[in-house]
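> Structure, please.
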Amino acid sequence: MKRKKYENEIHWLSEKIDEDFELLTESLHPLEDDVPEGKIYTKINRRIRWRNIRTRGLRVAAVLIPLFVLAIFYNYVNNRVPLFNNEEMAEIQAPRGECLQFMFQDGSRVYLEPATILRYPKNFAIGTRKIYLDGAGYFVVEKNAKRPFIVVFPGGRVFVTGTSFELEARRKERKIKLALDDGKVNFKPDDTDEQYVLAPGDRLTYDKIDRLCTITHRHEPCSLSAWKNNIIIFRDTHIAEALKKLERWYDVYFEIGEESVNTYSLTMNVNGSLDGVLHEISKVAPIVFVIKDNKHIRVEMKK
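Numbering: from 1, shown residues only. Reported below is the predicted structural model:
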């Protein structure tokens, strides 16, 4: 009885050992039955490839993202301050008989005399503020030493960092006139290497034909800029030059009937209507004005 029981226990233990051995064998060789070796190799290679692609992508992104940010920043800045000199130009004209006031993007202002053309960039470049003038204007320039304000005109240019000045330079006239109220300007003619520095109160006249520069100093405010307050000041001004100025201001044309008219000069302040101005001139010079129509006026000596 005991022997049979002993044999049964040995048989049960043997079966358990066999079962455990089978389970152990299956655990040691699961890949041989469930996953083929080819699939494992393919899966490993796929993971390696994706890891390489991701690494390369991160490297490319590390290069492209800063460039993309830089491009956005450049576009943002360039829309406000062009980094190079390929700025788009605009033009305004003050017609005969009309003055204009204009403000640039940096806050600088200009008062344009009648019959004046101004060309300017819609956005100033990052290094300079350059404009082009043919006519006359009174400038009030915002100070910025790192971005000089340059006015180019027929016969020369003026370099400014921040100041108030009057400039008259016309393509068809031989004289350039520059008067400084405040600050400092540097005038350079196109036809010489000379440069002329003006101080407040200085008034410069440059003859483009003779290449002669004259600088005078006035302790009172320069009369050249009084026109922006609708006052025209003549100081020993030749009658022909005075009449040209009145032509631009009142959009009329004067016809000098006698050569002797050209021998006179004017020293006076005028403003108001054209009739009033002509009446005042007739008081100080022996000339009369004969109005032919709304645009043409003949100038003759008094009989």
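
> And stretch 194-214, what's buried?
For stretch 194-214, burial by neighbour count (16 or more other Cβ atoms under 10 Å) applies to Tyr196, Leu198, Pro200, Gly201, Asp202, Arg203, Leu204, Thr205, Tyr206, Lys208, Cys213. Every residue, glycine included, has its C-beta placed from N, CA and C.

> Dump those to JSON lines, plus pLDDT and secondary structure.
As requested, those are exported to JSON lines (pLDDT from 0 to 100; DSSP: H, G, I helix; E, B strand; the rest coil):
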{"residue": "Tyr196", "pLDDT": "95", "secondary structure": "strand"}
{"residue": "Leu198", "pLDDT": "94", "secondary structure": "strand"}
{"residue": "Pro200", "pLDDT": "91", "secondary structure": "coil"}
{"residue": "Gly201", "pLDDT": "90", "secondary structure": "coil"}
{"residue": "Asp202", "pLDDT": "93", "secondary structure": "strand"}
{"residue": "Arg203", "pLDDT": "92", "secondary structure": "strand"}
{"residue": "Leu204", "pLDDT": "95", "secondary structure": "strand"}
{"residue": "Thr205", "pLDDT": "95", "secondary structure": "strand"}
{"residue": "Tyr206", "pLDDT": "96", "secondary structure": "strand"}
{"residue": "Lys208", "pLDDT": "94", "secondary structure": "coil"}
{"residue": "Cys213", "pLDDT": "95", "secondary structure": "strand"}
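
> For these, which two are the farthest from each other?
Greatest spacing in those, by Cβ to Cβ: Pro200 and Lys208 (25.2 Å).

> Looks to me like Val261 is in a helix.
Yes - counting by DSSP: H, G, I helix; E, B strand; the rest coil, Val261 is located in a helix.

> coming back round to it: from the buried residues of stretch 194-214, pick the one nearest Tyr138.
Among the buried residues of stretch 194-214, and counting by Cβ to Cβ, the member closest to Tyr138 is Arg203, at 13.5 Å.

> Give the full set of residues in contact with the closest one.
Arg203 sits next to Lys177, Leu178, Ala179, Leu180, Ile215, Thr216, His217, Arg218, Cys222, Leu224 when contact means Cβ atoms under 8 Å, 6 or more residues apart in numbering.

> And the fourth one, how far from Thr216?
Using Cβ to Cβ, to the nearest Å, one gets 12 Å for the distance from Leu180 to Thr216.

> So which of the two has more stuff around it?
Ranked by neighbour count (other Cβ atoms under 10 Å), Leu180 and Thr216 place Leu180 first, with 28 against 11.

> Just name the shakiest helix or strand of this structure by mean pLDDT.
Scoring the helices and strands of the chain by mean pLDDT, DSSP states H and E places helix 30-34 at the bottom, with a mean of 47.

> In the stretch 201-303 of the chain, mark out all the helices, start to finish.
For the stretch 201-303 of the chain, helices defined by DSSP state H, counting those that start in this stretch occupy the ranges 239-250, 274-284.

> Is it possible to get TSV of the ones you listed that adds distance to Phe165?
Below are the helices of the stretch 201-303 of the chain laid out as TSV (distance: least, Cβ to Cβ, whole Å):
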stretch	distance to Phe165
helix 239-250	19
helix 274-284	26
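
> Give me the average confidence score over the helix or strand in which Tyr138 is found.
Using DSSP states H and E, Tyr138 maps to strand 129-140. Mean per-residue pLDDT for strand 129-140: 95.

> so what secondary structure elements neighbour it?
Under the contact criterion of 3 or more Cβ pairs under 8 Å, 6 or more residues apart in numbering; DSSP states H and E, strand 129-140 touches strand 109-112, strand 116-121, strand 149-153, strand 164-169.

> picking up where we left off before, any shared contact partners between Leu180 and Thr216?
Common neighbours of Leu180 and Thr216, using Cβ under 8 Å, 6+ apart, are Asp202, Arg203.
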